[in-house]
Each structure stands twice: as C-alpha cells, then as structure tokens.
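>>> Need a 3D model of the following:
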Amino acid sequence: MLLTLPECGEVVFLAPHPDDEALGCAGTLTLLNRKGVSSTVVFLTNGEKIQGEPSTVIAEKRKEEARRASKMLGCREPVFLGFPDGEVGDHRDALSKHIADIIAVKKPDIVFAPSPIDFHQDHMATAKISLELLSKLDSFKLAFYEVYSTIRFTHLIDITEVVEQKKEVILNYRTSLYGRPGIYVHVSLGLNAHRSFFTQEKKYYEAFWILEQPFNRQEITNWLSFGFSIT
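Below is the predicted model of the structure:
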C-alpha cells in the first residue's frame, strides 16, 4: 500500500458521466492541481438518460454542472465526447479512438478510469476501453478509482485537508444527483472514511488500483479476487 501517487505533470480523468469525477476522486484532483499538475476531465456521455428517456435539457444542465465542477477542482476546461448515456459499451471502438487522440495530445502520465467492478454498465465499459488503450499505447499509468464499488487498491491518498472542497464539488451536482446531493456526500465521504481501517488514522482517503503495465483477464481476476478460487 502506497500513500502517494506516482510522479506526474499531466493527468487525464475519464468520467462516463458528469459527477463521476466528483464522487470518485475530487479530493485527489484538488491536491494534484494545487501542486501544479495539469488535469483534464473527459466526459464520455452527457448523462442525458438520468430520468429514463433522453433529455437535452438534462444533458445541458449536467454539462453546466460539470464545467462548474472542473473550475472548482482547478482542472482545465473539460472535454465532452457526447456519446449516448448508457451505451458506452456499444461505442467502444469510436470512444477508444477519441480517447487515444486526447492522450496523444495531452501525453498524460496517469489516466484515471472507473474500476472494472464499479457496478454500472458505462463504468465497466470505460474500464475495458482504458485497459485496451494501456495495452496498445503503453505510454501512461492507469489508475482505477471507486464510485459504486470498493476495489482492491495499491494506493491510498489522504484527502482530509480538502474534504470540504470535495463536499462542495459533489453538492454542485444537484441535477446529476437527483436533487439530493447531500446523500451522495454522505455515501462518498463514508467510503473515504472507511479506508481509515487500513491506516488506523481518523482521516479520509481515496483508493486507487494503479497499473503500470497491461494485465490480461486472468491477472485482473486474480488481483481483484485476491487469488481466490473454488476447487
């Protein structure tokens, strides 16, 4: 378990929807930006299906919240790829090309993506795309983050000093979080507090599984399951 991220000057954060970056690692992004790291959030979809049927009104509101969040975090202007909400897995090839182009321009040291077991179809599809790009490009480290599900981690980042900033960024996502962002503050910071179990310090941590080289499917399964098997 490491308590600092690898050295980096540029990072790209892949968010399937507006709000994933806030819930997943607003604290870490804030700390990186304070150190002078250049960071860009890439939103794969606009989250237009949050209420079931696609809504351009909802999409625009969520994009507005996302722009405001990036500014609050200290990130560069966000990138919106505009692919259909809920269909990331159906557009893997096109998304992979778009993201590869962004990586070619930005040359990030670390790319952040939802973990392969973050239980949302768009999140898991984004993880697959990022793993494929790690294998093809081999030019960055890949950091998986948590939103819905915990993951076996390699790095814990202490965000205690910026936890109030993370709270404010989440509260900004009122449309994205069904008009009840306070519930999501409670959930997200609860997860961050839970990680104190591993440090025995009363603090808040964001957890990441960082890969420096490609893993095949079996290696990923072994890591995530701690090598558990039923024989």
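
>>> helices and strands of the chain: which one has the lowest mean pLDDT?
Taking mean pLDDT, DSSP states H and E as the measure, the chain has helix 217-224 as its least confident helix or strand, at a mean of 89.

>>> What is the neighbour count of residue 71?
Here the count is done by other CB atoms under 10 Å, and residue 71 has 14 residues near it. To be clear about C-beta, it is placed using only N, CA and C from the backbone, and glycine gets the same treatment.

>>> Mean confidence (pLDDT) on the helix or strand hosting it, please.
Residue 71 belongs to helix 56-73 when elements are defined using DSSP states H and E. Predicted confidence along helix 56-73 averages 97 (mean pLDDT).

>>> Name the residues that touch it?
17-19, 21-22, 26, 29-30, 33, 39, 41, 43, 46-48, 50-51, 76-78, 80, 165, 168-169, 172-176 (CB atoms under 8 Å, 6 or more residues apart in numbering).

>>> Restricted to helices, list these.
Under the assignment DSSP state H, the contacts of helix 56-73 contribute 21-22, 26, 29-30, 33, 165, 168-169, 172 to helices.

>>> buried subset of those?
For the ones in helices among the contacts of helix 56-73, a burial check counting by 16 or more other CB atoms under 10 Å picks out 21-22, 26, 29-30, 33, 165, 169, 172.

>>> Any chance of JSON lines for these, columns distance to residue 139 and pLDDT?
Shown next, in JSON lines, are these (distance: CB to CB, whole Å; pLDDT from 0 to 100):
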{"residue": "21", "distance to residue 139": "22", "pLDDT": "98"}
{"residue": "22", "distance to residue 139": "27", "pLDDT": "98"}
{"residue": "26", "distance to residue 139": "26", "pLDDT": "98"}
{"residue": "29", "distance to residue 139": "21", "pLDDT": "97"}
{"residue": "30", "distance to residue 139": "25", "pLDDT": "98"}
{"residue": "33", "distance to residue 139": "22", "pLDDT": "97"}
{"residue": "165", "distance to residue 139": "30", "pLDDT": "98"}
{"residue": "169", "distance to residue 139": "29", "pLDDT": "98"}
{"residue": "172", "distance to residue 139": "32", "pLDDT": "98"}
